[in-house]
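Visitor: A structural model of the following input is requested.
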Amino acid sequence: MAMPIVTFTGLSNSGKTTLVESIIGELTRRGYRIAVLKHTRRDVDIDREGKDSWRHRRAGAVTTVLASPRRVAVIEETVRDLTIEEIRDRFVAAVDILLVEGHKSSGFPKIVVIGDAHESEELRRAAQDATVIAIACDREVATPLPCHRRNDIVAFADLIENRYLTGKVDSTG
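Guide: This next block holds a predicted model:
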């Protein structure tokens, strides 16, 4: 069975990161292993000038792996924006679900996070997108889609668990 993927989309400063962070905490408390992909259009550089990994990359390495006893980081030069599937297949393993912040044009199930500024426009777009499974906002809105307040973390975790994670946790401990 393929690893389930749920995306969280919305305009900048709509509360996506806070919602995803809270859902990670709730699903982790329920015993699930979570991976997260944060997509950005801006160039990302986690290397610092002068560090060994930076020097290796500058010398021509297309992939640099930093490994310690507790953490592994991979820095890979790419020629294009990788798809969610490519990132999942290359870098994500041993988890129950991949939560994605961004990638609003993907075909994966998505929760649309709506801030107050552009509420009606975002609701209209969400209603036309067959991949939207729920709306997160701060007040009651007129929509046929399931809608929960952004701080109702249990409702969003329940939705994700019931649709995509049922039977994934080993209850034998």
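
Visitor: All the strands of the chain, residue numbers only.
Guide: Here the chain has its strands, by DSSP state E, at 5-9, 34-38, 63-67, 72-76, 97-101, 110-113, 132-137, 147-149.

Visitor: any idea which helix or strand of the chain has the worst average confidence?
Guide: The helix or strand of the chain with the poorest confidence is helix 119-127; it has a mean of 81 (mean pLDDT, DSSP states H and E).

Visitor: buried ones in that helix?
Guide: Within helix 119-127, the residues that count as buried by 16 or more other CB atoms under 10 Å are 119, 122-123, 126. (Each C-beta comes from the backbone N, C-alpha and C, glycine too.)

Visitor: Adding distance to residue 14, write the residues you listed out as JSON lines.
Guide: Below are the buried residues of helix 119-127 laid out as JSON lines (distance: CB to CB, whole Å):
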{"residue": "119", "distance to residue 14": "10"}
{"residue": "122", "distance to residue 14": "8"}
{"residue": "123", "distance to residue 14": "12"}
{"residue": "126", "distance to residue 14": "12"}
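
Visitor: which one among the residues you listed gets closest to residue 142?
Guide: If you rank the buried residues of helix 119-127 by distance to residue 142 using CB to CB, residue 123 comes first, at 7.8 Å.

Visitor: Just give me the neighbour total for residue 49.
Guide: Neighbours of residue 49 under the rule other CB atoms under 10 Å: 8.

Visitor: circling back to that earlier point, who's in contact with the least confident helix or strand of the chain?
Guide: 10-11, 112, 114, 132, 135, 137, 141-145 (CB atoms under 8 Å, 6 or more residues apart in numbering).
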